[in-house]
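Engineer: got a structure for you, letters missing:
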């Protein structure tokens, strides 16, 4: 294989670190969901918060894997990275979760 055809490992490693950041965020949301569902008082607001945190964890993990695969393919084929929808989606999820936390405190 010629040197010009090789993928620069720095790009692949950076992509892996980004993927792990998504997964770390998902694990944090999962831990918060377990805490909300098991440690907070039993009310509809805390249950809603716990379920939303679980959904946010699943969404973040799934989006992170999708973005990793998308970027990995582009890196290996030498194409530009397509725009990411994962980061704005995770941001929107966190904003919704913050609003649900506020609701759970008020309710």
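Structural biologist: Thanks, I have it. Since the model is a prediction, treat every value here as computed from it, not as a measurement.
Engineer: return the helix or strand in this structure with minimum mean pLDDT.
Structural biologist: Here the helix or strand of the chain ranked lowest by mean pLDDT, DSSP states H and E is helix 86-106, holding a mean of 91.
Engineer: other SSEs contacting it?
Structural biologist: helix 9-39, helix 44-77 (3 or more CB pairs under 8 Å, 6 or more residues apart in numbering; DSSP states H and E). (C-beta placed from N, C-alpha, C; glycine too.)
Engineer: tell me which of those sits most buried.
Structural biologist: Comparing the helices and strands packed on helix 86-106 by mean neighbour count (mean count of other CB atoms under 10 Å), helix 44-77 ranks first with a mean of 17.
Engineer: that one vs helix 9-39, what angle?
Structural biologist: Helix 44-77 and helix 9-39 are oriented at 170 degrees to each other (axes from the mean of the first three to the mean of the last three CA atoms, to 10 degrees).
Engineer: how far away from the center of its chain is helix 44-77?
Structural biologist: Put simply, helix 44-77 sits 4 Å off its chain's centre (CA atoms, centre = their mean, to the nearest Å).
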